[in-house]
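[1] Attaching a predicted model along with its sequence, questions to come.
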Amino acid sequence: MAACNDYYYATRDPLGSAGDFTTAPEISQMFGEVVGAALTDVWRRAGSPAHAAYVELGPGRGTLAADALRVMRSAGLDPDIFLVETSPTLREVQAAALNGTITHVDMIDALPGDRPLLVVANEFLDALPIRQHVDGAERHVTLTPAGLAFDRDGTILETSPARDEAVEALSEGLVAVGGVALVIDYGHARTAPGDTLQAVREHRFAPVLADPGEADLTSHVDFERVADIAREAGAFVAGPVEQGPWLERLGIQARARVLANASPERAGDIEAARARLCRPDAMGSLFKVLAIHSPEWPSPAGL
């Protein structure tokens, strides 16, 4: 999974109608604006510390960052920008989208250790590699005369050492310098067995083992595990809550009305985007929001 995704992300821009999938920031500017407002609010309640940094893990095209930073700057917060991104292709797209001074780093451990961090991880953890176990034995991929195949089936329990390491590094960094992280992803609130590994290509599900490196491989995030790892690192946790109610509590409906009033010809599209982000039968329930913050910082609103 790691090898496939490393190749996949390094060789293309996978987002949008011409790509393989669409994330929340690409659906509507409202998503990034709510994120920016939430981070600005918690920064103010933490005493408006100087030199805070905006950090995004896996920032895609930079769309979320652009929308969030526009709100932050309008409220008097103009942070330095650090993006955790390994894809050369996406780094170029992000630099063009943000049109300013940004710093790219390859890993969470390379983030600055001398200032508070305002972190967003939107659909980042789901792409980190997982392991699957059946009756205590690890499930492997083997090569057969018919192609790639799994070596065992049954009730599956998934773990992700890579995800654990990323959450631990992020949490330890926040405890050391102060700040908050919003983790937004699809997954389950409680640890449970199940096979959640999936491949998406051209906006449709694809066979997981077909055409390695040519589809986006992800799995559902175990938010209970994420919270446990963060607490073990000394951080505080709020949530998870469902994405739809969180966006609604933070005012996405009011923002939709403002945008619709400014562009009446787009009112239908704006409402459709809001519904897609918030409705339980769309992204509203499957996607969760969890905050990780240093002990001296408050929890973000809506959680």
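    Yep, that arrived.
[2] Tell me the pLDDT of residue 16.
    On pLDDT, residue 16 comes in at 80.
[3] quick one, what contacts it?
    Taking Cβ atoms under 8 Å, 6 or more residues apart in numbering, we find residue 16 in contact with 22, 26, 61. Heads up, the C-betas are built off the backbone N, CA and C, glycines and all.
[4] ok, of those, which one's closest to residue 301?
    residue 26 (24.1 Å; Cβ to Cβ).
[5] Show me what the mean pLDDT comes to for the helix or strand harbouring that closest one.
    Assigned by DSSP states H and E, residue 26 belongs to helix 24-27. Helix 24-27 shows a mean pLDDT of 94.
[6] Packing partners of it?
    helix 29-45, helix 63-74, helix 267-278 (3 or more Cβ pairs under 8 Å, 6 or more residues apart in numbering; DSSP states H and E).
[7] at 10 Å instead, please
    Other helices and strands packing on helix 24-27, by 3 or more Cβ pairs under 10 Å, 6 or more residues apart in numbering; DSSP states H and E, are helix 29-45, helix 63-74, strand 117-122, helix 267-278.
[8] List the buried residues of the first one.
    Within helix 29-45, the residues that count as buried by 16 or more other Cβ atoms under 10 Å are 29-43.
[9] Just give me the neighbour total for the residue nearest to residue 232 when sequence neighbours are not counted.
    Leaving aside its sequence neighbours, residue 232 sits nearest to residue 168 (Cβ to Cβ, 6 or more residues apart in numbering; 7.6 Å). Other residues lying near residue 168 total 16 when counted by other Cβ atoms under 10 Å.
[10] go on, residue 98?
    18.
[11] what's the pLDDT at the residue lying closest to it once chain neighbours are set aside?
    With sequence-adjacent residues excluded and distances taken as Cβ to Cβ, 6+ apart, residue 98 is closest to residue 62, at 5.1 Å. On pLDDT, residue 62 comes in at 96.
[12] Any figure for the gap between residue 62 and residue 105?
    As judged by Cβ to Cβ, to the nearest Å, residue 62 and residue 105 stand 15 Å apart.
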